[in-house]
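Engineer: Build me a model from this:
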Amino acid sequence: MHELSLCRALIDQLQQQAAVSGFSRVTQIWLEVGVLAAVVPEAMQFGFEAASHGTLAQGAQLHIIRLPAEAYCRACGVKTDIQQRYQPCPHCGEFQLEVVSGETLSVRELEVE
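Structural biologist: Residues are numbered from 1 along each chain as shown. Next comes the predicted model:
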């Protein structure tokens, strides 16, 4: 479960930001996760609860916002939504899709004290 290591890295970033910005507690986090980011939301929630124990984010609510993925077909020039990598273009059937978005994992917003 790599989600636990992602959550540990998130907690590290929060602690670094707290040192710079002067907050002492995180109460809510909105995390944007692209559908191609290879993150299971339920595992991320579980990992966050485990990784945040005893930290400034203990008890914080983690809100996961799923972002769609989009690809550009180099064969027919159409942009299209996709659900997974290496699928054919739904317009022309070719396997020449170039991912444009949907791979991100980033903090959109924090609520702190």
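Engineer: Show me where the chain has its strands.
Structural biologist: Ranges of strands in the chain, per DSSP state E, are 26-34, 61-67, 69-73, 79-82, 97-101, 105-112.
Engineer: could I get these as CSV with mean pLDDT, mean neighbour count and distance to Glu3?
Structural biologist: Bear in mind the C-beta positions are built from the backbone N, C-alpha and C, glycine included. Below are the strands of the chain laid out as CSV (pLDDT from 0 to 100; neighbours: other CB atoms under 10 Å; distance: least, CB to CB, whole Å):
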stretch, mean pLDDT, mean neighbour count, distance to Glu3
strand 26-34, 97, 18, 10
strand 61-67, 97, 15, 11
strand 69-73, 98, 19, 19
strand 79-82, 96, 16, 22
strand 97-101, 97, 15, 21
strand 105-112, 97, 14, 10
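Engineer: To Gly47, which of the ones you listed lies closest?
Structural biologist: With CB to CB as the criterion, Gly47 lies closest to strand 61-67 of the strands of the chain, at 9.4 Å.
Engineer: For the closest one, what is the distance to the chain centroid?
Structural biologist: Averaging C-alpha positions (CA atoms, centre = their mean, to the nearest Å) puts strand 61-67 8 Å from its chain's average.
Engineer: Adjacent strands (with direction) for that strand?
Structural biologist: According to DSSP bridges, strand 61-67 forms sheet pairs with strand 26-34 (parallel).
Engineer: Could you export the partner strand as CSV, CA atoms only?
Structural biologist: Listed next in CSV are the C-alpha coordinates belonging to strand 26-34 (Å, rounded to 0.1, in the frame of the first residue of the first chain):
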residue,chain,number,x,y,z
VAL,A,26,-4.4,21.1,10.7
THR,A,27,-8.2,20.5,10.9
GLN,A,28,-9.1,19.8,7.2
ILE,A,29,-7.2,19.0,4.0
TRP,A,30,-8.6,19.0,0.5
LEU,A,31,-6.5,16.7,-1.7
GLU,A,32,-6.9,16.6,-5.5
VAL,A,33,-6.2,13.1,-6.9
GLY,A,34,-6.3,12.4,-10.6
